[in-house]
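> need a 3D model of the sequence below.
(one chain, ligands or ions: 1)
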Amino acid sequence: MKTRVTELLDIEYPIIQGGMAWVAEHNLAAAVSKAGGLGVIGAANAPAEVVRKEIRQVKEMTDKPFGVNIMLLSPAADEVAQVVIEEGVKVVTTGAGNPGKYLKAWKEAGIKVIPVVASVAMAKMLEREGVDAVIAEGCESGGHIGDLTTMTLVPQIVDAVSIPVIGAGGVGDGRGMAAMFMLGADAVQIGTRFVVADESIVHENYKNKIIAARDIDSAVTGRSTGHPVRSLRNKMTREYLKKEAEGASFEELELMTVGSLRNAVLDGDVVNGSLMAGQIAGLISKKQSCQEIIHELMTETTALMKKVPQMFEVC
Ligand code: TUI
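Just a heads-up that it's a prediction; the model follows:
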């Protein structure tokens, strides 16, 4: 399947793995890239030298293209922005902010830059500044989210820009992927389904919570702080939302989540940990290798897209 994004990134399938904090380390990124998608290392809040090591490990595991996601709220963002240049990374995705100040240096280094955007205005501004594509991520996603849904955000951004658009938020199978193409996207970004992949280092407790999740099992904390984050409901989200409703301060709320994603991913703390996951968790029912996930997504998507002309045949 050839799209503007497979051509841009020199990948086999139009599937980009979300650059998830703590989750998207070298094992997952290499497995997705080996399977023909774009694996992405999530730099999150990691120090620059840790990210450098992760990049080198992916390079040892595969010659296929891969990317690094830079979380712009990270105190290490400036240094990580330099490390991707020094290490010859070909693709950078960004999240949780405006990557404008890094664009010149990244473009001069020949890096393909693909920011996550949550609004038409941001997509248009970044297109003008020279980014190669945008990821339109709706609020069905796990982790830090914007306001609009994927269904409304993707077509509005597709109409507003000429660069390729990658649809994200709520995509978990071939139906979601085909839907993104119908909305005008050139590829999809998938997070939650890769959290439960065999190659993902996420603790089994966390994976099992995603497998067991129902449609209504995620919640958004932090709306009052300006940093809304979607994760699976547990003791932490219940207490957080209660405190938030009582008008707790930013500092008090932040304290409740310090280290909580790390504790969920590495220690399997599903009670007090932060189980970031998208609303599509309810659809995800099995653990598979990245190769199986990508193969299944592509088989389902192409079968559905072939069926489209028949759907409109008049009897
Ligand atoms: O970045 C994400 N998802 C994330 S980052 C993250 S680490 C974290 N942990 C706890 C609290 C906060 C962060 C966990 N999940 N997704 C990409 C994304 N970017 N979603 C929404 C946006 C976004 C929002 C506003 C991008 C740009 C933007 O622009 C606002 C502005 O004007 O700067």
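> quick one: the helices in the protein, in order.
For the chain, helices defined by DSSP state H occupy the ranges 4-9, 26-34, 48-61, 77-86, 103-108, 120-128, 150-160, 174-182, 192-195, 204-212, 235-245, 250-257, 260-267, 290-311.
> of all those, which gets the most neighbours per residue?
helix 192-195 (a mean of 28; mean count of other C-beta atoms under 10 Å). Where you see a C-beta, it was placed from the backbone N, CA and C, and this is true even at glycine.
> stretch 266-275 vs the ligand: in contact?
No. Stretch 266-275 is not in contact with the ligand by C-beta under 6 Å from any ligand atom; minimum separation 7.5 Å.
> got it, and stretch 241-251?
No. Stretch 241-251 is not in contact with the ligand by C-beta under 6 Å from any ligand atom; minimum separation 11.9 Å.
> over to stretch 44-63?
Yes. Stretch 44-63 lies within reach of the ligand by C-beta under 6 Å from any ligand atom, at Ala44.
> need the residues of the stretch 201-315 of the chain near the ligand, please.
Close to the ligand, as judged by C-beta under 6 Å from any ligand atom, the stretch 201-315 of the chain has residues His227, Val229.
> let me redo that: the stretch 1-150 of the chain
So the stretch 1-150 of the chain meets the ligand at 21, 44, 71, 73, 95-98, 116-118, 122, 137, 143-146 (C-beta under 6 Å from any ligand atom).
> now with 5 Å, please.
Ala21, Met71, Gly95, Ala96, Gly97, Asn98, Val116, Ala118, Glu137, Gly143, His144, Gly146 (C-beta under 5 Å from any ligand atom).
> so of these, which ones are in strands?
When these are checked against strands (DSSP state E), the matches are Met71, Gly95, Val116, Glu137, Gly143, His144.
> who touches the helix or strand of the chain with the lowest mean pLDDT?
Across the helices and strands of the chain, the lowest-confidence element by mean pLDDT, DSSP states H and E is helix 250-257, at a mean of 92. Residues outside helix 250-257 that contact it (C-beta atoms under 8 Å, 6 or more residues apart in numbering) are Thr221, Gly222, Ser224, Thr225, Val229, Met236, Glu239, Tyr240, Lys243, Glu244, Ser274.
> could I get the residues you listed as TSV with pLDDT and distance to Ile166?
Listed next are the contacts of helix 250-257 as TSV, based on pLDDT from 0 to 100; distance: C-beta to C-beta, whole Å:
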residue	pLDDT	distance to Ile166
Thr221	98	26
Gly222	97	25
Ser224	94	30
Thr225	93	28
Val229	97	21
Met236	97	30
Glu239	97	35
Tyr240	97	30
Lys243	97	35
Glu244	97	32
Ser274	98	25
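> need those residues in TSV with distance to Leu103, can you?
Converted to TSV, these look like this (distance: C-beta to C-beta, whole Å):
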residue	distance to Leu103
Thr221	31
Gly222	28
Ser224	32
Thr225	28
Val229	26
Met236	36
Glu239	40
Tyr240	35
Lys243	38
Glu244	35
Ser274	31
